[in-house]
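Colleague: fold the stuff below for me.
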Amino acid sequence: TKAYTSSNKKDFVELDFVSIFKQMKTQKISRLEKLVYIGKERFKTRIIIELLPQKKYEQRVRKAKKQATKKGRKLGKNYLSKIGLNIFITNTDIKSEDIRILYTMRWQIELMFKIWKSIGEIDKIGKMKVARFEVSLFGKLIWIALNWHILWYVILYYFHKYISV
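Modeller: Now for the predicted structure:
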């Protein structure tokens, strides 16, 4: 999805991540927040851009170069600039300092659902009698509920530890 800036809601200019990356790096800006328009519909939203630490940036560049070499491609300036940034698009009123923490928690929840699906195999049902299916389903649902309960306490702990309420 492309992001655009506009001064009069008619002239849209695509966000230049190369210049943003250079500006943030030279001026030592760790976080930048802008109002942007995204997609073909030009939906107005907020973008929060964080500059990655140099070690993390170098790690991402090495990984990207390795992938590009495997596929016989070259990395462009725009791509290299984007991998040096954490980019969050949101329409929430949460402080920009807290967005990364919130998205980290959200990602952990996504991973938990993936684990439930892959390990719990809640999407796979073999041929069996109805009673056996019910026992299997209830067992998996109890397992999921216990995991969710534990995860919820972990999320609350980190939320209160890192985000000032």
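Colleague: I'd say G84 and R60 touch.
Modeller: Yes: if you go by Cβ atoms under 8 Å, G84 and R60 touch, sitting 7.4 Å apart. Bear in mind the C-beta positions are built from the backbone N, C-alpha and C, glycine included.
Colleague: remind me which residues of this protein are low pLDDT?
Modeller: Low-confidence segments of the chain (pLDDT under 70): 9, 122-123, 162-165.
Colleague: tell me the centre residue of it?
Modeller: Y103 (5.8 Å; Cα atoms, centre = their mean).
Colleague: ok, for that residue, nearest residue in space, not its chain neighbours?
Modeller: F88 (6.0 Å; Cβ to Cβ, 6 or more residues apart in numbering).
Colleague: tally of neighbours for that neighbour?
Modeller: 19 (other Cβ atoms under 10 Å).
Colleague: so which helix or strand takes in it?
Modeller: strand 85-90 (DSSP states H and E).
Colleague: tell me which helix or strand comes right after that strand.
Modeller: helix 96-119.
Colleague: report all helices and strands that that next one contacts.
Modeller: strand 31-38, strand 43-51, strand 85-90, helix 130-162 (3 or more Cβ pairs under 8 Å, 6 or more residues apart in numbering; DSSP states H and E).
Colleague: how distant is the last one from the center of its chain?
Modeller: With Cα atoms, centre = their mean, to the nearest Å as the basis, helix 130-162 stands 23 Å off its chain's centre.
Colleague: mind listing what's buried in that helix?
Modeller: Buried residues in helix 130-162, counting neighbours by 16 or more other Cβ atoms under 10 Å, are found at 144, 151.
Colleague: also the shortest one?
Modeller: For strand 85-90, a neighbour-count test (16+ other Cβ under 10 Å) marks 85-86, 88 as buried.
Colleague: okay, the helices and strands packed on helix 96-119 in TSV with distance to T5 next?
Modeller: Compiled in TSV, the helices and strands packed on helix 96-119 are given as follows (distance: least, Cβ to Cβ, whole Å):
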stretch	distance to T5
strand 31-38	6
strand 43-51	10
strand 85-90	14
helix 130-162	31
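Colleague: nearest to A64, out of those?
Modeller: Counting by Cβ to Cβ, A64 lies closest to strand 85-90 out of the helices and strands packed on helix 96-119; the figure is 13.2 Å.
Colleague: so which elements touch that closest one?
Modeller: By 3+ Cβ pairs under 8 Å, 6+ apart, strand 85-90 packs against helix 17-26, strand 43-51, helix 96-119.
Colleague: residues in contact with that strand?
Modeller: Contact partners of strand 85-90, identified using Cβ atoms under 8 Å, 6 or more residues apart in numbering, comprise 1, 3, 17, 20-21, 24, 36, 38, 45-52, 99-100, 103.
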